[in-house]
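Participant: Here is a sequence with its predicted model. Questions after.
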Amino acid sequence: MTYETLLYEVNEAVATVTLNRPNVLHALNSRVFDELEAVFTELVADAAVRVILLTGAGEKAFAAGADINEIAATDVVSGEAKARRGQGVLQLIETCGKPVIACVNGFALGGGCELAMACTLRIASATAKLGQPEVKLGLVPGYGGTQRLPRLVGQAAALKLLLTGGMIGAEEALRIGLVDEVVPAERLMARGMELARTMAAMAPLAVAGCLEAVRRGGDVGLEEALGVEAEIFGRLCGSEDKAEGTRAFLEKRAAVWAGR
C-alpha cells in the first residue's frame, strides 16, 4: 500500500515506519493519523513482522507536534473528537501486541512527544528535544500526554513539563525516564535496529505475553496483576513455542519459533 505521509519498509522481521512530512517537521494532521492507523493495522496482521521501528525522516524532527491549522479550527465538539481520534490511534500503537521502538531524532513536541510515549521504548539522538508545549496555545495535551507522561516520569516531573511548556534535551529526558537510551545521531537507526533484531529473535508469543502482562498489570493492584501473569504463563505453557524452547535448551541448540 502507498501512503502520502508515511514511508515504510520491512527488513526480515523488522518493519520501519517513517513519518514523511518534512516541510512541516512531520506535524500530525488527520491524514497522518489515518495512515498510522492503516499501516499499524497492516503490520499487526503480518505474522512475519515481529518488531516495529517508528521515526521521522531526516534529522530535524521525529514529529514537531499537531497540525496547528487543524487545531485552530476546532470548537468544543470537534476538539474533543480530534483528541479522541488521536488517542485511539496511539492506543492502537501502544497495544498492538508487538514491540514498537521510537527512534526520536530532533524535535518530539506536543503530539510528537505523545506519539513517542505510546511506543514500547524510546531511543533518542543526542540532538533530540522533547516537550509538551500545549499550555502555550491555551490547551492541554490531547493525545494522552497528561496520562502517559506522569506514568513514565512521575507526577512532579510531568507537571513541571506540562505547566511550563518547557522543552528538554535528550540527556535530561534520559535522566527523568522519558527516553530509555541516548545515542549519537548517526547511530540512532542502527541502535534501534540492533534492539529490534534482538527482540525479533525471541519467541513471538512470549514477547506478546510480556507486553500484555505489563500493560494489563499496570492498571490494577498487585494481587490481581499476579493473577494476570499466572494466566499468561499458563497459556504459554500450552504453546508449541514453549515446547520448542525448553526442548532446544535441553538439546543445547537454537530454538526455531513457530509463533504457535
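Facilitator: Here it is on my side, so go on.

Participant: same question for stretch 137-155, mean pLDDT?
Facilitator: For stretch 137-155, the mean pLDDT works out to 96.

Participant: in it, what counts as buried?
Facilitator: By 16 or more other CB atoms under 10 Å, the buried positions in stretch 137-155 come out as 141-146, 148-150, 152-153. C-betas here are computed from N, CA, C, even on glycine.

Participant: now stretch 54-61
Facilitator: Going by neighbour count (16+ other CB under 10 Å), the buried part of stretch 54-61 is 54-57, 61.

Participant: Run the chain-centre distance for it.
Facilitator: 14 Å (CA atoms, centre = their mean, to the nearest Å).

Participant: Could you work out the end-to-end span of it for me?
Facilitator: End-to-end span of stretch 54-61 (CA to CA, to the nearest Å): 12 Å.

Participant: just stretch 44-60 next, same as before
Facilitator: Taking CA to CA, stretch 44-60 runs 28 Å from one end to the other.

Participant: could we number from 359 for the rest of this?
Facilitator: From this message on, residue numbering opens at 359, which makes the last subject stretch 402-418.

Participant: Relative to the whole chain's centre, how far out is it?
Facilitator: 10 Å.

Participant: and if you look at stretch 483-495?
Facilitator: Remark: stretch 483-495 is offset 17 Å from the chain centroid, using CA atoms, centre = their mean.

Participant: mind saving the C-alpha coords of it as PDB?
Facilitator: Provided in PDB are the C-alpha atoms of stretch 483-495 (Å, rounded to 0.1, in the frame of the first residue of the first chain):
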ATOM      1  CA  SER A 483      19.500  11.000  19.300                       C
ATOM      2  CA  ALA A 484      21.800  13.300  21.300                       C
ATOM      3  CA  THR A 485      20.300  16.200  19.500                       C
ATOM      4  CA  ALA A 486      16.700  15.400  20.400                       C
ATOM      5  CA  LYS A 487      14.400  17.900  22.100                       C
ATOM      6  CA  LEU A 488      11.200  16.800  23.800                       C
ATOM      7  CA  GLY A 489       8.300  18.600  25.500                       C
ATOM      8  CA  GLN A 490       4.600  19.300  25.800                       C
ATOM      9  CA  PRO A 491       4.100  23.000  25.000                       C
ATOM     10  CA  GLU A 492       0.300  22.900  24.700                       C
ATOM     11  CA  VAL A 493      -0.200  25.400  27.600                       C
ATOM     12  CA  LYS A 494       1.400  28.000  25.300                       C
ATOM     13  CA  LEU A 495      -1.600  27.500  23.000                       C
END
